[in-house]
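[1] with the input below, show me the fold.
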Amino acid sequence: MSKLKSMSDTKPKPKPQSTPAPTLAEGFFLPNFCGIRMVFAVVVVAELLAFILVLAAPWSHDGTGDKWSELGLVSLFVQWVALASAGVLCALRPWLARLSTVAATLVSYLSLLLVTLILSEIAFRMAGRLDLLQPQPDHAGFLLRNLAIGVLLSGMVLRYFYVRHQWAQQVTAEAQARVQALQARIRPHFLFNSLNTIAALTASNPALAEDVVQDLAELFRVTMRDMRERVTLEQELNFTRSYLRIEAQRLGDRLQVDWTLKNLPLQAPVPALILQPLVENAVYHGIEPRAGGGRVHILGTYNRGVLRLEVRNPLPDTANMNNGRAHPNGNRMALDNIRERLQLAYGPEARLEMDQREGLYRVRVLFPLPDTGEAT
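    Model prediction:
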């Protein structure tokens, strides 16, 4: 036991990429109105509202010219209220994020109504001095009309943001659950074969058996980590090497491995177990069924912010396909597993491709990755 402990202390252990601490307003149902995209959306929606208000009003008998003038005044007022409301929500967001959802909604709602009331009063006084409204509207009626519109629109907008936030949280939770479920799928045959290898080495080569135990423990430590955490690309490569060392003890000279790695950002964060399942797939479907074994070629390149990982393995012999030594079904399941995990992590920018050429089965994954400045 002491020997095992001393050996484990000498081997470097990868450090998990910790999840960044949540920001103050993370998980808040109101969007960030300080962003340029949200401000643009506010302007567009406000202008559409101005068109609706003008078109809903009765037409005068003086022609359409008055409608264009009215549209200009209504647009100016609506944009004024909309941008002021966005500015208030932008300024209050850090404070609102500390409140409960009910309290934040109530404060936001009252703030929007207060902005509408104040700006309506200012607009009425300015319009009276500049003689912009003919005939001059009733003061109380003007304020109550604008406040009623504000009550309805503010309630609808806040309700929309809340429902949208709840939906986004549900989608995120379901995605994380799916990733955790996908991550938990481990081929039982690999565990059984590894344990048999360790049992055989315990009597003949105890030191080597201890190394295999450490490699197996490291692999299972990765499978049980929180999927919200990332590992570095270097750690993912080391996990794959640990797996290959275990399989090399079982398959011996039947398993040959070539590595071709160029310009990889080793410290860039990636999802755990993206490469290792591809290599396991190649060994399980391409090497084991062949009587003479074969060679697995692992390639990794990085170009223009895109990481490309490719694994090549020989196709099973035709005789092995006929005698049942090949594993035709698990191949598709493993690839679908990895494809879904990549889609959940990177969206449409991630791809999984496969083809068969010159007696080789090739599978590659491509996904965006930030350059950390450290390369192989």
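[2] name the helices or strands packed onto the helix or strand that contains Ile149?
    Secondary structure from DSSP states H and E places Ile149 in helix 139-183. Here helix 139-183 touches helix 101-130, helix 328-346, going by 3 or more C-beta pairs under 8 Å, 6 or more residues apart in numbering; DSSP states H and E. C-betas here are computed from N, CA, C, even on glycine.
[3] closest one to Gln214 among those helices?
    Nearest of these to Gln214, taken as C-beta to C-beta: helix 328-346 at 25.1 Å.
[4] after the closest one, which helix or strand is next?
    Following helix 328-346 in sequence order, the next helix or strand is strand 351-357 (DSSP H and E).
[5] from the contact counts, what lies against that next one?
    Under the contact rule (3+ C-beta pairs under 8 Å, 6+ apart), strand 351-357 is packed against helix 328-346, strand 360-368.
[6] quick one: closest of those to Leu264.
    strand 360-368 (13.2 Å).
[7] circling back to that earlier point, roughly how far is the helix holding Ile149 from the heart of the chain?
    21 Å (C-alpha atoms, centre = their mean, to the nearest Å).
[8] helix or strand right after it?
    helix 188-204.
[9] average pLDDT for the helix or strand following that next one, rounded please.
    The helix or strand immediately downstream of helix 188-204 is helix 206-223, counting by DSSP H and E. Helix 206-223 comes out with an average pLDDT of 76.
[10] let's see helix 206-223 as PDB, backbone CA atoms only.
    Extracted as PDB, the C-alpha positions of helix 206-223 are listed here (Å, rounded to 0.1, in the frame of the first residue of the first chain):
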ATOM      1  CA  PRO A 206       2.700  -5.900  -9.200                       C
ATOM      2  CA  ALA A 207       4.300  -2.600 -10.000                       C
ATOM      3  CA  LEU A 208       2.700  -2.600 -13.400                       C
ATOM      4  CA  ALA A 209      -0.600  -3.600 -11.900                       C
ATOM      5  CA  GLU A 210      -0.400  -0.500  -9.600                       C
ATOM      6  CA  ASP A 211       0.100   1.700 -12.700                       C
ATOM      7  CA  VAL A 212      -2.900   0.200 -14.400                       C
ATOM      8  CA  VAL A 213      -5.000   0.800 -11.200                       C
ATOM      9  CA  GLN A 214      -3.900   4.400 -11.200                       C
ATOM     10  CA  ASP A 215      -4.800   4.900 -14.900                       C
ATOM     11  CA  LEU A 216      -8.200   3.300 -14.400                       C
ATOM     12  CA  ALA A 217      -8.900   5.400 -11.300                       C
ATOM     13  CA  GLU A 218      -8.000   8.600 -13.200                       C
ATOM     14  CA  LEU A 219     -10.400   7.600 -16.000                       C
ATOM     15  CA  PHE A 220     -13.300   7.000 -13.600                       C
ATOM     16  CA  ARG A 221     -12.500  10.200 -11.800                       C
ATOM     17  CA  VAL A 222     -13.100  12.100 -15.100                       C
ATOM     18  CA  THR A 223     -16.400  10.300 -15.800                       C
END
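[11] may I see the buried residues of the host helix or strand of Trp80?
    Assigned by DSSP H and E, Trp80 falls within helix 65-96. Under the neighbour-count criterion of 16 or more other C-beta atoms under 10 Å, helix 65-96 has 70-71, 74-75, 77-82, 85-86, 88-90, 92-93, 96 buried.
[12] now that helix: mean pLDDT?
    83.
[13] now the helices and strands packed on helix 139-183 as a markdown table including mean neighbour count and mean pLDDT?
    Conversion of the helices and strands packed on helix 139-183 to a markdown table gives the following (neighbours: other C-beta atoms under 10 Å; pLDDT from 0 to 100):
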| stretch | mean neighbour count | mean pLDDT |
| --- | --- | --- |
| helix 101-130 | 16 | 85 |
| helix 328-346 | 16 | 70 |
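[14] make JSON lines from those and add distance to Leu143 to it.
    Supplementary listing: those in JSON lines, determined by distance: least, C-beta to C-beta, whole Å:
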{"stretch": "helix 101-130", "distance to Leu143": "5"}
{"stretch": "helix 328-346", "distance to Leu143": "51"}
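[15] please name the nearest non-neighbouring residue to Val266.
    Careful, residue 266 is Leu; it's not Val. Nearest residue to Leu266, sequence neighbours excluded (C-beta to C-beta, 6 or more residues apart in numbering): Glu234, at 3.9 Å.
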